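In: Task: produce atomic coordinates for the following.
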Amino acid sequence: MAGRPIAPRWSPFWRRLAVGLGAVGLGLVAPTVSGEGGQSYYRYRDANGVLHITNVPRGDAKWKLWRRFPGSGGDRAGHAASKRKASNSSERARRYDGLIREASERYELPPALVRAVMRTESNFHPTAVSSAGAMGLMQLMPSTARFLGVSRPFEPRQNVMGGAKFLRLLANRFDGDMVLVLAGYHAGAGAVQKYGGVPPYESTRAYVKAVLRRYYRYARPKAPTGQTGDVRRRTPARFVAE
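Out: Take a look at the predicted model:
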C-alpha cells in the first residue's frame with residue numbers, strides 16, 4: 001500500500017533525550033567456539049516461565065545444553081574475525097552489503113538504517129545470541145522470528161529479511177518516525193504505545209541514540225543532499241506484533 005513520503009522527526013527527540021553513549025548492543029554475548037568451530041546454546045526457564053537462551057552459560061548449573069550446531073569453514077572464519085582488531089570490523093560488515101541492499105529495496109528502508117541496526121544489535125555476527133534469547137544478525141526474539149516467518153534465525157538472509165520486514169511494519173505503525181521505530185524494535189511496539197513515545201528505559205534510550213549515531217555516519221557518504229532516509233508505507237500497520 002503506497003502512501004505519502006514520511007520524514008523521520010528528529011528534533012523533539014534530541015531535545016527530550018539526554019542519555020550517555022554507553023550500553024551499545026545491550027544483552028549481546030560474544031560467540032563461543034565449540035569443537036571444530038561449532039556453536040552450542042544453553043537455556044533455562046525462570047520462575048516466571050520465561051525461557052532464556054545463551055551461548056555463554058557462565059558456569060551456572062541452571063543452564064542446560066539446548067542445541068549444538070556443527071561448525072563449518074564459514075563459521076570458523078566468522079569466529080576468527082570477531083577476535084581481530086577493530087579495523088577488521090568493516091571487512092566483516094562488507095559481507096552483508098548485498099543482503100542489506102536487497103532487504104532495503106524490498107521493504108523500502110534506508111540501507112544505512114538496516115546496517116546501523118545490524119551493527120548495534122550483533123556487530124555483524126550471524127550467530128550472536130542475547131541473554132534474553134534474541135538471535136542472529138538482527139537479534140530476533142523467538143516469538144518475533146515465528147511471527148515474521150523466520151524458521152532459521154541463524155541463516156543470514158532469513159534473519160536480515162525478517163529484521164527489515166519488522167522495521168517496515170514498525171515504520172508503518174509509527175508513521176515513519178524513525179525514533180519510535182527504533183524504540184519499538186528494542187522495547188516493543190506495545191511499550192511505545194503505552195508511553196506515547198520512547199519508553200523511559202535507560203537501555204532503550206541509549207539504544208536509540210546509538211543506532212541513530214551510526215545511521216548518520218553510514219548515510220553521510222552517499223546520502224543525496226537534503227535527504228534523511230524517508231520511509232514509505234507499504235503494508236498494513238495492524239500486522240505489527242506487540
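In: Where does the prediction get shaky in the protein?
Out: Along the chain, the model assigns pLDDT under 70 to residues 1-42, 44, 48-60, 67-89, 221-242.
In: at 50 instead, please
Out: Within the chain, the segments meeting pLDDT under 50 span 1-37, 71-82, 85, 223-226, 228-230, 232-242.
In: any idea where the strands of it begin and end?
Out: Here the chain has its strands, by DSSP state E, at 28-29, 39-45, 51-54, 64-69, 129-130.
In: So what's the residue count around Leu212?
Out: Residue neighbour count, defined by other C-beta atoms under 10 Å, stands at 21 for Leu212. Where C-beta positions appear, they are placed from N, C-alpha and C, glycine not excepted.
In: how close does it get to Arg101?
Out: Spatial separation of Leu212 from Arg101 under the definition C-beta to C-beta, to the nearest Å is 21 Å.
In: what about Leu65, neighbour count?
Out: Leu65 sits with 11 neighbouring residues when counted by other C-beta under 10 Å.
In: Gly133 too?
Out: Gly133 is flanked by 20 other residues according to other C-beta under 10 Å.
In: Then Ala191?
Out: 17.
In: Now do the contacts for it.
Out: Ala183, Gly184, Pro199, Tyr201, Thr204 (C-beta atoms under 8 Å, 6 or more residues apart in numbering).
In: Try it again at 10 Å.
Out: Residues in contact with Ala191, defined by C-beta atoms under 10 Å, 6 or more residues apart in numbering, are Ala183, Gly184, Val198, Pro199, Pro200, Tyr201, Thr204, Glu242.
In: Same question for Val117.
Out: Listed by C-beta under 10 Å, 6+ apart, the contact set of Val117 reads 109, 137-139, 160, 163-164, 166-167, 181-182, 185-186, 207, 211, 214-215.
In: ok so, going back, could you single out the nearest of the contacts of Ala191 to Ser143?
Out: Minimum separation from Ser143 among these (C-beta to C-beta) is found for Glu242, which lies at 9.7 Å.
In: Now that Arg101 has come up, it's in contact with Pro110, right?
Out: No. The pair Arg101 and Pro110 fails to qualify as a contact (C-beta atoms under 10 Å) at a distance of 11.2 Å.
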